[in-house]
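# Let's see this in three dimensions:
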Amino acid sequence: MPPPRTRGTALRHRLAELRGPDVPAKALDARALAALAANPGCRRRAILDGAGVNKAALASALGSPSAFGQSQFALTRGNAFEAKVKADGGKELLRLVHEKLDPRAEPPADARVPDLSAIGPEGRTARTALELREATGARGAWTLLDHPMLALDVAGSPAFLEPDAVVVHPDGSWTVVEIKSFPMVDGSADPSKVGAAARQAAVYVLALEDVAARLDPAPTVRHHVLLVCPKDFSNLPTASAVDVRKQRAVTSRQLARLTRVQDIADALPEGTCFSPDLPAEDLTAAVESVPATYAPECLSACELAFHCRDRSRADGAVTSLGRSVRAELGGLTTVEDVLAAARGEAGDPDDPAVAALRRAAELRAEALGELSAADLGGGVGACR
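Presented below is the predicted three-dimensional model:
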């Protein structure tokens, strides 16, 4: 007789059914998690990421392939640069950590680089926690954890995260290290890329804080992470300390707002499946059974953005115009409602959004009327 199915086992079985038979789960990395936290109202992304669905393959099967993601050249270049930074036992990486974050500590010499290999993500997570505890207890020494595995609860489902590195300082505090292949020219890099790296690192900081909270006394997880990039246009590494307290607070708050994956899965019709092997009609119906919250920002963060944008435009949703526009329009959710309110055909006149739209329409009509009169006058003058 098989053992009774627990709630956790039942959820994993349900998520496997949503992926489709024999479809492996796609790991939820920190970049995807940061994007998910930036749009906590999107149940579609929450359930697809929670179930480990490959959204790139799903988008292609839906007929809306996405160009989202890094090129193979960028991946190869990034891997080569990371290997250079971590060469010789991470000597250069630890030098940068000491220089930028902890100059008063003893210079790193003979730092520990423990082996974190284990079976499966759960095993690697447990091994990482063990090595962190041992390194924290060995005060006075530097420890470099290369690609540790961390776990973070996301909407009731564990997400396994793999930062580039975590450094344990001689005082027992922990630092996240992010290694990127975009250049740092004259000590500064592209602000948008630095911001994306900071949001990604903030996810790792949250996961590290969960590990630290289980230790007594809890070690300090530093909120200044080390961003390592190529210097100018060379392949030499340089680094900068990045304060991620703001990104950490925002990500923590947004993750807390996520609807639990279990609740979304329970609300889906029986037999729902997101396997890319399904006929396009069935796959479209399955995807549309989960509400989405599209915004133009999704184009740079989600593989399904083109599909969701087309649906949003077809429905006339004002969210396709941006979150700021949506916030200004209050209860008016479609372009048709907005135009009707502006023309005075619908809407409560006491609603500030409706009143503003009607005033804007009056000003537009007045301006266009004056422009037409001026053009007409000019034409008459020319005829004379």
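# Could you pull up the residues touching the residue nearest to Gln254 when sequence neighbours are not counted?
Distance criterion Cβ to Cβ, 6 or more residues apart in numbering; nearest residue to Gln254, sequence neighbours excluded, is Ala37 at 4.0 Å. For the C-beta atoms, the positions are set from N, CA and C on the backbone; glycine is no exception. Listed by Cβ atoms under 8 Å, 6 or more residues apart in numbering, the contact partners of Ala37 are Val203, Val250, Thr251, Gln254, Leu255, Leu258.
# A helix includes Ala37, no?
Yes - under DSSP: H, G, I helix; E, B strand; the rest coil, Ala37 sits within a helix.
# Output the below-cut-off pLDDT ranges for the stretch 151-300 of the chain.
Along the stretch 151-300 of the chain, segments meeting pLDDT under 70 span 155-156.
# tell me how far stretch 144-158 is from the chain's mean position?
Relative to its chain's centre, stretch 144-158 lies at 15 Å (Cα atoms, centre = their mean, to the nearest Å).
# for stretch 244-261, same thing?
The answer for stretch 244-261 is 11 Å, by Cα atoms, centre = their mean.
# in that stretch, what counts as buried?
The neighbour-count check on stretch 244-261 (16 or more other Cβ atoms under 10 Å) flags Val244, Gln247, Arg248, Val250, Thr251, Gln254, Leu255, Leu258, Thr259, Val261 as buried.
# Out of those, flag the one nearest to Ala56.
Nearest to Ala56 out of the buried residues of stretch 244-261 is Val261 (Cβ to Cβ; 20.2 Å).
# Tell me the spacing between the closest one and Leu161.
Distance of Val261 to Leu161, given as Cβ to Cβ, to the nearest Å: 17 Å.
# Show me what the stretch of helix or strand Ala83 belongs to is packed up against.
Here Ala83, judged by DSSP states H and E, is contained in helix 72-85. Under the contact criterion of 3 or more Cβ pairs under 8 Å, 6 or more residues apart in numbering; DSSP states H and E, helix 72-85 touches helix 87-101, strand 174-179, strand 237-243.
# The longest one to strand 237-243, inter-axis angle?
The one in question is helix 87-101. 40 degrees (axes from the mean of the first three to the mean of the last three Cα atoms, to 10 degrees).
# Let me see the mean pLDDT of helix 87-101.
Mean per-residue pLDDT for helix 87-101: 93.
# pLDDT averaged over the helix or strand following that helix - what is it?
Next along the chain after helix 87-101, taking DSSP H and E as the criterion, comes helix 120-137. Averaging pLDDT along helix 120-137 yields 93.
# One more: stretch 352-368?
Stretch 352-368 comes out with an average pLDDT of 80.
# what's the offset of it from the middle of its chain?
Counting by Cα atoms, centre = their mean, stretch 352-368 comes out at 38 Å from the chain centroid.
# Next, the buried residues of that stretch.
For stretch 352-368, using 16+ other Cβ under 10 Å, the buried residues are Ala353, Val354, Leu357, Arg358.
# Tell me which residues are up against it.
By Cβ under 8 Å, 6+ apart, stretch 352-368 touches 328-332, 338, 341-344, 347-349.
# send the alpha carbons of it over as PDB?
Backbone C-alpha positions of stretch 352-368 (Å, rounded to 0.1, in the frame of the first residue of the first chain) are rendered in PDB as follows:
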ATOM      1  CA  PRO A 352     -11.500  62.400 -10.900                       C
ATOM      2  CA  ALA A 353     -10.300  60.200 -13.800                       C
ATOM      3  CA  VAL A 354     -13.400  60.800 -15.800                       C
ATOM      4  CA  ALA A 355     -13.400  64.500 -15.100                       C
ATOM      5  CA  ALA A 356      -9.700  64.800 -16.100                       C
ATOM      6  CA  LEU A 357     -10.400  62.900 -19.400                       C
ATOM      7  CA  ARG A 358     -13.300  65.100 -20.300                       C
ATOM      8  CA  ARG A 359     -11.300  68.300 -19.600                       C
ATOM      9  CA  ALA A 360      -8.400  66.900 -21.700                       C
ATOM     10  CA  ALA A 361     -10.900  66.100 -24.500                       C
ATOM     11  CA  GLU A 362     -12.300  69.700 -24.300                       C
ATOM     12  CA  LEU A 363      -8.800  71.200 -24.500                       C
ATOM     13  CA  ARG A 364      -7.900  68.900 -27.400                       C
ATOM     14  CA  ALA A 365     -11.000  69.900 -29.300                       C
ATOM     15  CA  GLU A 366     -10.300  73.600 -28.600                       C
ATOM     16  CA  ALA A 367      -6.700  73.300 -29.700                       C
ATOM     17  CA  LEU A 368      -7.700  71.500 -32.900                       C
END
